[in-house]
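# Give me a model of this one.
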Amino acid sequence: MQETKSEMTTRDVLAFVQLLDRHNIGVYIDGGWGVDALLGRQTRVHSDLDIAVEHKDVPQIRALLEAQGYRDVPRDDTRDCNFVLGDDAGHLIDVHSYTFDAEGNLVFGVAYPYESLSGTGSIDGFPVKCISPEWMVDFHTGYPLDENDYQDVRLLCERFGIALPQEYSAFLERDLRAHRPDGAPPLPEGFVWPRYEGLSVGNLAATVGQALGATLPGVLPPLRGDLLGGLLDGARRVALVVIDALGWETLQDVMARHPDLIFHRLAAQGRLWPVTTTFLSTTNSVLSAIHTGRSPAEHGLLAYSLFLREWQMAVESITFSPIHRPFTGTLAEWGFEAETFLPVPAIGQLLAVQGIASCALTHDRFVKTPLSLMHHRGMQDVFGYATASDFWLTLRRILEQRRDEPCFVSAYWSAVDTLAHRLGPLDESADAEIVSLALLMEEIFFDRLTPAAREGTLLLLTADHGQITTPPESAILLDQHPALLDALFLPPLGEGRAPFFYVRNGKYEVVRQYLNEHFAGQFTFFSQDEILRSGLLGPGVPGAETRHRLGDIVGIAMGDAYFAPDAESVKNKPMLGRHGSLTPQEMLVPLLAVRLDR
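Alright, predicted model coming up:
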């Protein structure tokens, strides 16, 4: 008969299974219906039913189906052990048969591993036998994959805690780019939504706690289980390396140009996925989310420059100094207490009360900054470094010294970000920096780490954000918009690509209209309430100061646009790479996870 398109419904499948049951013929459900049987619910329409049966039962199955009008459907791959039967209504049953000897060795037919025929599930509440979950996932690899494959495998991996096969990376990336939660505000096409529910760097704190057997109350959930699979099992140490501005697209480009880079080797040993950062996609905010496990809405350190209501001052939030006298440490001289600034505890504090040690590794110039003091609360040691070789050597020594105890190590590298700001993320310097860092990682850290230090150690490598090229001609010069500045009581703060506008009393509608009329093609604008309700800053109760720091209107850049004070600032301090917005270049970052003892 000729193949016709129809649907194998729940009723069709159960009628067939129960027919075989009445004749004492064992059957294992495979394919799409096998996935749904394992999940216990139908997830999509199925055009056929795949079954695995003993070859000795094939003649009887043929006879039973032929009595119901089924005939052979011609296929190029038809064999005695692999064929399709269909009826005039378009129902299709794809039969795969096998024969095992007494020892469980395959002697004929489709090469099902013996242990794969051990799954159980249900279809509309009726118990059935099916392919086991692990083998069902494995069977969905090694051929050109489609959307149905991805959805089947994703659901199985999430349900049974199986590692998502690396072949599905492109599907995950596509999902990250396209996702919008229910009730999300309209956003320009191409923006990436931060995935606080388990696909972002904000989920790292809970994942560290999960690996070390610690409970971290109040934090965002851990990373989705299918990303890491069994890498957390038996872990006793976690080393988290954050490479500032190592965007997902940047890393993919570098790896494509350098096939011998250690990142290939580590990805083959572990997992390499795209995930999102948090919003705003800027270091101060993201590192705060990583080190507290709380959303930006909760921790309140939203951007590089902020208005602090409690100080009645606009500050840069690394050394917490006035924006017109940055990096002077002024607030500390006036009594600013970094350790009490964030309204939520840091991961070091949460681990310490459970008897788990932690330490940090950052550049010498950052060790005692207020931002570092906030993030490193509760950590037993904070180590500084001067160069890339010093960075990897110190990280190796930390793991060697703490090889006999559970611990968490947080390490931060900033030079990729520095170069990308100065020369642009597509400049050769970024490639050179990443390659040299990887070579030193391989030579100084990875290849010299002792077996004792490797044992039980999980390495997580990620980034706080990526960067996008921002040429001088894309700058919006604020001094050319005096009517806008006159309606504000502060210059825009936040980030150049995600500015916060602080509006004078009675001027809100004037400012909102001005922004939409002049910059609608370069930015999209939201009120303070719209941003807080949207979920872009994450779940949880906003901190007491979050609303005041956010301003009255928030802009989010499209393309390569950004706000700058004037032409002189663009000329004298050019930044050819920036971040802070929701474009894929800024929002997508890598998550490389590998067990060093495997």
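# pretty sure D72 is touching D87, no?
No: applying C-beta atoms under 8 Å, one finds D72 not in contact with D87, separated by 11.4 Å. Any C-beta I mention is one placed from the backbone N, CA and C, and that applies to glycine too.
# More neighbours: which of these two?
Taking D72 and D87 together and counting by other C-beta atoms under 10 Å, D87 has the greater number of neighbours (19 against 13).
# backbone phi and psi for the more buried one, please?
According to degrees, to the nearest 10, the main-chain angles of D87 amount to phi -110, psi 180.
# From G86, how far off is the closest residue in space to it that isn't next to it in sequence?
Taking C-beta to C-beta, 6 or more residues apart in numbering, and ignoring the residues beside it in sequence, D87 has G69 as its nearest neighbour in space, at 4.5 Å. Taking C-beta to C-beta, to the nearest Å as the measure, G69 and G86 are separated by 9 Å.
# How far off centre is the one helix or strand A205 maps to?
In this structure, A205 sits in helix 204-212 according to DSSP states H and E. In terms of C-alpha atoms, centre = their mean, to the nearest Å, the centre of helix 204-212 is set 15 Å apart from its chain centre.
# Report all helices and strands that that helix contacts.
Counting contacts by 3 or more C-beta pairs under 8 Å, 6 or more residues apart in numbering; DSSP states H and E, the secondary-structure elements packed against helix 204-212 are strand 237-243, helix 283-292, helix 347-352, strand 457-462.
# Identify the residues contacting the residue lying closest to V286 once chain neighbours are set aside.
Computed as C-beta to C-beta, 6+ apart, the closest residue to V286 that is not its neighbour in sequence is D464, at 4.0 Å. Neighbouring residues of D464 by C-beta atoms under 8 Å, 6 or more residues apart in numbering: 201, 242, 244-245, 277, 281-283, 286-287, 290, 589.
# what does R454 give?
Taking C-beta under 8 Å, 6+ apart, we find R454 in contact with 596-597.
# Reduced to three states, what does the nearest residue to F523 once chain neighbours are set aside come out as?
Spatially, and ignoring its direct neighbours in sequence, F523 is nearest to G555 (4.3 Å; C-beta to C-beta, 6+ apart). With DSSP: H, G, I helix; E, B strand; the rest coil as the basis, the three-state label of G555 is strand.
# got a list of what A593 touches?
Taking C-beta under 8 Å, 6+ apart as the criterion, A593 is in contact with 227-228, 231, 270-272, 458-461.
# What ranges does the stretch 401-550 of the chain have for its helices?
Chain-ordered helices for the stretch 401-550 of the chain, with DSSP state H, counting those that start in this stretch as the definition, fall at 415-423, 428-440, 451-454, 482-486, 508-519, 528-534, 546-550.
# got the phi/psi numbers for L302?
Reported as degrees, to the nearest 10, the phi and psi values for L302 are phi -90, psi -30.
# From what I see, it and L537 are in contact.
Yes: shown here, L302 and L537 form a contact pair, counting by C-beta under 8 Å, at 7.4 Å.
# follow-up on the earlier one: now do the phi/psi pair for the residue nearest to V286.
Torsion angles at D464 (phi, psi; degrees, to the nearest 10) stand at phi -90, psi -30.
# For stretch 430-448, buried residues please.
Within stretch 430-448, the residues that qualify as buried by neighbour count (16 or more other C-beta atoms under 10 Å) are 430-431, 433-434, 437-442, 444-446.
# G104: which of the residues you listed is nearest?
Of all those, the one sitting nearest G104 is F446; the distance, using C-beta to C-beta, is 39.9 Å.
# Apart from its chain neighbours, what residue comes closest to the closest one?
For F446, ignoring the flanking residues on the chain, the nearest one in space by C-beta to C-beta, 6+ apart is I262 at 6.4 Å.
# quick one: least confident helix or strand in the protein?
helix 330-333 (a mean of 88; mean pLDDT, DSSP states H and E).
# Summarise which helices and strands it is packed against.
Taking 3+ C-beta pairs under 8 Å, 6+ apart as the contact cut, helix 330-333 packs with strand 321-322.
# mind listing what the strand it packs on pairs with, with the direction of each?
Each strand pairing with strand 321-322, determined using DSSP bridges, is listed with its direction: strand 313-316 (antiparallel).
# which outside residues touch the strand it pairs with?
Strand 313-316 is contacted from outside by 304-308, 321-323, 326-327, 331, 490-491, 493, using C-beta under 8 Å, 6+ apart.
# For that strand, give the mean pLDDT please.
In this model, strand 313-316 has a mean pLDDT of 94.
# if you skip the residues just before and after it, what's nearest to L232?
Nearest-residue entry for L232: A211, 4.4 Å, with adjacent residues in sequence omitted and distances by C-beta to C-beta, 6+ apart.
# Hmm, the one you found is touching G456, no?
No: shown here, A211 and G456 do not form a contact pair, counting by C-beta under 8 Å, at 9.6 Å.
# Now list whatever residues contact both of those two.
Shared between the contact lists of A211 and G456 (criterion: C-beta under 8 Å, 6+ apart) are residues A235.
# Low-confidence regions, the stretch 1-150 of the chain specifically.
Applying pLDDT under 70 to the stretch 1-150 of the chain picks out residues 1-5.
# rerun at 90
Screening the stretch 1-150 of the chain residue by residue with the criterion pLDDT under 90, one finds the ranges 1-6, 77.
# Then the stretch 151-300 of the chain?
158, 161, 183-184, 229-230.
# Are we agreed that S358 is in a strand?
Yes: when three-state DSSP is applied, S358 is found to be in a strand.
# quick one: it and A411 touch, right?
No: here S358 lies out of contact with A411, judged by C-beta under 8 Å, at a distance of 11.6 Å.
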